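A.B. asks: give me coordinates for this.
(one chain, ligands or ions: 1)
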Amino acid sequence: MHDLDEETLDRPHEECGVVGLWAKKGSGVEVARNLFFALYALQHRGQEAAGICTSDGTLVNIHKGLGLVSQVFNEDNLRPLQGHFGIGHNRYSTTGGNHIANVQPFYIQTLHGPVAVAHNGNLTNATVMRDAMMSRGVGFISTSDTEVITQFLARPSMNVRADRPNWEARLAHLGEEAEGAYSLAILTREAIFAMRDPLGLRPMCLGALKGEDGKHTAWIVASESAALLTIGASFIRDLKPGEIIRIDDDGPRTVREPHERAPKPALCIFEYVYFARPDSHIEGQSVHVVRQRLGRRLAQEAPVEADIVIGVPDSSLVAAQAYAHVAGLPYVDGLIKNRYIGRTFIQPSQQMRKNQVRLKFTALRDNLEGKRVILVDDSIVRGTTMGPLVSLVRDGGRAKEVHVRVASPPIQHPCFMGVDLASHDQLIAHRMTVEQIRAHIGADSLAYITRDGLHAAVGEGARPGMGHCDACFSGRYPVDVSAFGLDDGKLQFESRKRGED
Ligand code: SF4
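C.D. replies: The predicted structure follows:
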């Protein structure tokens, strides 16, 4: 399959979306169908594979495959996914590549029934955990860190009582051993569980479906609240960093609170900049509203004489509108995106490959001709897209000047916590100064929001005590990344104590 989105857009890639659903027996809630539409709403978090695993407490049904949710599932393979609870997953592959063996949920039978795991994030000590289990005879069929989690939970020696497993204890033990980012949805015979890592690097929230009598009929956990809205569920709350919840017919209940000496949270700040849907709320904040604040702040920090403001569709448009508002300039459409190019089985011709941005965007000359244009984008990763976009606006749109403004700071460091940002040498801001990047992309001027500006925009509506990871901008990681061997002397592990900024 050929993925034009991936090839034409210089964007960071989220690794996954997860969802879990428990419906009361006899409630009539169609679990697999609801999971399908929740995954559909989370499609932006991973486009390379999808899977759903359901159960009635006795039988487990699973279907997964490579491709978009709409390509993996159809009425025929959804129908056998019976049961009143289940979990689902969208995958963007980095670790282990896009191979069917790495597609989630991971599911194995244990002495105490099935366990299936859907994971968003990346364990930074997966190799250490894998090697330790392999030395005790555990075999692996994939290169995925999610299989490490699954096997860790299945180990027979862990807190097993004679009559039943203690999944809560196993999960708590996982929380002690695993390092890095993990938001998990876990299916067992008796319940589904949801869990966030102690830093809360990746989001996860809880919601509920109500029946006609107003009583709860089902509970759902998902990476983003937009998935809840899509299936008609109401948002209850975010899971706390480090929290484990259990959901069964008695509803959701916390089985492990965050440790009182837990580190200060480090939610990925990029969720607000780019990853999450604008209609999602994360940690009490509307993603759309945060993007407005980013655009306003960018305009205050980096004004320039111009005639109009345009944005790169779709994720940058909110920031572009807010920039225009503060700058007192008209916001207009300047780039039109082909919404259906997404994925196609047809390879572009050699001649088309030379400028793939043109497959994705066209310039609206009626609005651009003769104008001094401010082009707002949310981020620049490798710098491969911005140059062609600037020339599209200048040559295709016949703009007089093109001034690029970016609503996130220069990305100078890789991410080891579940986001595919590219390696150091691929990141343009690691290799070049801002002036060199400006010359490289052919813009008349280039400016990024500052790190202080980013934190001010995100922090303005954040909950007290909330903290954010910004390691890809600052090089200060909330987890120890020395095991990755990529330290160029600029990366630091910053232990996050509560009460610190
Ligand atoms: S390094 Fe960047 S992308 Fe990765 S978790 Fe931190 S803020 Fe998010």
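A.B. asks: use CA for all of it now, contacts and neighbours both
C.D. replies: Noted.
A.B. asks: output the below-cut-off pLDDT ranges for the stretch 101-250 of the chain.
C.D. replies: Counting by pLDDT under 70, the stretch 101-250 of the chain contains low-confidence residues at 156-165.
A.B. asks: nearest residue to the one residue in it that gets nearest to the ligand in space, please, no chain neighbours.
C.D. replies: Closest contact between the stretch 101-250 of the chain and the ligand, by CA to the nearest ligand atom, is at Leu201 (6.1 Å). Spatially, and ignoring its direct neighbours in sequence, Leu201 is nearest to Leu267 (4.1 Å; CA to CA, 6 or more residues apart in numbering).
A.B. asks: do the same with Ala262
C.D. replies: Pro198 (6.6 Å).
A.B. asks: burial count for the one you found?
C.D. replies: By the criterion of other CA atoms under 10 Å, Pro198 has 24 neighbours.
A.B. asks: does it touch Arg261 like I think?
C.D. replies: No: contact criterion CA atoms under 8 Å: Pro198 and Arg261 do not qualify, at 10.2 Å.
A.B. asks: so where is the chain shaky, pLDDT-wise?
C.D. replies: Residues of the chain meeting the criterion pLDDT under 70: 1-9, 11-15, 93-98, 156-165, 341-354, 485-501.
A.B. asks: got the domain boundaries for it?
C.D. replies: Taking automatic domain parsing as the criterion, the chain consists of the domains 2-263, 286-463.
A.B. asks: quick check: end-to-end length of the last one?
C.D. replies: Taking CA to CA, to the nearest Å, the span from the opening residue of domain 286-463 to its closing residue is 12 Å.
A.B. asks: try stretch 458-468
C.D. replies: Length of stretch 458-468, first residue to last, CA to CA: 9 Å.
A.B. asks: how far away is the nearest residue to Ala226 once chain neighbours are set aside from the ligand?
C.D. replies: Spatial nearest neighbour of Ala226, excluding adjacent residues (CA to CA, 6+ apart): Ser280 at 4.8 Å. Noted for Ser280: a distance of 17 Å to the ligand, by CA to the nearest ligand atom, to the nearest Å.
A.B. asks: got phi/psi on Ser280?
C.D. replies: phi -90, psi 150 (degrees, to the nearest 10).
A.B. asks: which residues of this protein lie near the ligand?
C.D. replies: Within reach of the ligand by CA under 6 Å from any ligand atom, the chain has these residues: 268-270, 415, 417, 419, 469-472.
A.B. asks: from those residues, which land in strands?
C.D. replies: Of the positions in these, 268, 419, 469 sit in strands, assigned by DSSP state E.
A.B. asks: partners of the residue nearest to Leu201 in the sheet?
C.D. replies: Assessed by DSSP bridges, Leu267 has beta-bridge partners His468.
A.B. asks: name the next helix or strand downstream of the longest helix along the chain, please.
C.D. replies: Secondary structure assigned by DSSP state H gives helix 287-301 as the longest helix of the chain. Moving toward the C-terminus from helix 287-301, the next helix or strand (DSSP states H and E) is strand 308-311.
A.B. asks: how about the helices in the stretch 401-501 of the chain?
C.D. replies: Ranges of helices in the stretch 401-501 of the chain, per DSSP state H, counting those that start in this stretch, are 428-431, 434-441, 451-459, 471-474.
A.B. asks: winner for burial among these?
C.D. replies: helix 471-474 (a mean of 21; mean count of other CA atoms under 10 Å).
A.B. asks: contacts for it?
C.D. replies: 409-415, 451, 477-478 (CA atoms under 8 Å, 6 or more residues apart in numbering).
A.B. asks: just checking, Thr188 touches Thr110?
C.D. replies: No: judged on CA under 8 Å, Thr188 makes no contact with Thr110 at a distance of 9.9 Å.
A.B. asks: so which of those two has more stuff around it?
C.D. replies: Thr188 (23 against 15).
A.B. asks: which residues touch that one?
C.D. replies: Residues in contact with Thr188 (CA under 8 Å, 6+ apart) are 57, 113-116.
A.B. asks: quick one, phi psi at the residue of the stretch 101-250 of the chain closest to the ligand?
C.D. replies: phi -60, psi -40.
A.B. asks: and it, how far is that from Tyr107?
C.D. replies: Applying CA to CA, the value for Leu201 to Tyr107 is 24 Å.
A.B. asks: those two: which is more packed in?
C.D. replies: Counted by other CA under 10 Å, Leu201 and Tyr107 do not tie: Leu201 has more neighbours, with 28 against 21.
A.B. asks: who does Leu66 form a beta bridge with?
C.D. replies: Ala49.
A.B. asks: from the ligand, how far out is it?
C.D. replies: Noted for Leu66: a distance of 24 Å to the ligand, by CA to the nearest ligand atom.
A.B. asks: how much space between that residue and Gly214?
C.D. replies: The spacing between Leu66 and Gly214, counted by CA to CA, is 38 Å.
A.B. asks: of these two, who's got more company?
C.D. replies: Using other CA under 10 Å, the more surrounded residue of Leu66 and Gly214 is Leu66, with 20 against 8.
A.B. asks: contact partners for that one?
C.D. replies: Contacts of Leu66 (CA under 8 Å, 6+ apart): 48-50, 72, 98-100, 103.
A.B. asks: same check on Val255?
C.D. replies: Neighbouring residues of Val255 by CA under 8 Å, 6+ apart: 168, 243-246.
A.B. asks: now Val373
C.D. replies: Val373 is in contact with 306-310, 399-403, counting by CA under 8 Å, 6+ apart.
A.B. asks: which one of the residues you listed has the most neighbours?
C.D. replies: Among these, Val309 has the most neighbours (other CA under 10 Å), with 31 neighbours.
A.B. asks: and for Ile194, the neighbour number?
C.D. replies: Slight slip there: residue 194 is Ala, not Ile. Counted with other CA under 10 Å, the neighbours of Ala194 add up to 30.
A.B. asks: ok, Glu177 next?
C.D. replies: For Glu177, the neighbour count with other CA under 10 Å is 12.
A.B. asks: residues near the residue in the stretch 151-300 of the chain that the ligand sits nearest to, how many?
C.D. replies: Closest residue of the stretch 151-300 of the chain to the ligand, CA to the nearest ligand atom: Cys268 (3.8 Å). Neighbour count of Cys268, defined by other CA under 10 Å: 24.
A.B. asks: now do Asp76
C.D. replies: The local packing of Asp76 (other CA under 10 Å) involves 8 other residues.
A.B. asks: A helix includes it, no?
C.D. replies: Yes: assessed by DSSP: H, G, I helix; E, B strand; the rest coil, Asp76 belongs to a helix.
A.B. asks: mark which of the residues of the chain next to the ligand are buried, thanks.
C.D. replies: Neighbour counting over the residues of the chain next to the ligand (16 or more other CA atoms under 10 Å) leaves 268-270, 415, 417, 419, 469-472 as the buried ones.
A.B. asks: tell me the one of those nearest Arg438?
C.D. replies: Distance to Arg438 across these (CA to CA) is lowest for Cys472, with 20.2 Å.
A.B. asks: ok, and the closest non-adjacent residue to that closest one?
C.D. replies: Spatial nearest neighbour of Cys472, excluding adjacent residues (CA to CA, 6+ apart): His413 at 4.4 Å.
A.B. asks: how many neighbours does the one you found have?
C.D. replies: Neighbour count for His413, taken as other CA under 10 Å: 29.
A.B. asks: residues contacting it?
C.D. replies: Contacts for His413 (CA under 8 Å, 6+ apart) come out as 423-424, 427, 430, 471-475.
A.B. asks: picking that back up, Ile62: which of the helices of the stretch 401-501 of the chain is closest?
C.D. replies: With CA to CA as the measure, helix 471-474 is the member of the helices of the stretch 401-501 of the chain nearest Ile62 (36.1 Å).
A.B. asks: how distant is that closest one from the center of its chain?
C.D. replies: Computed by CA atoms, centre = their mean, to the nearest Å, the chain-centroid distance of helix 471-474 equals 17 Å.
A.B. asks: so where do the strands sit in the stretch 351-500 of the chain?
C.D. replies: For the stretch 351-500 of the chain, the strands defined by DSSP state E, counting those that start in this stretch cover 361-363, 372-377, 401-406, 419-420, 445-448, 468-469, 476-477, 492-493.
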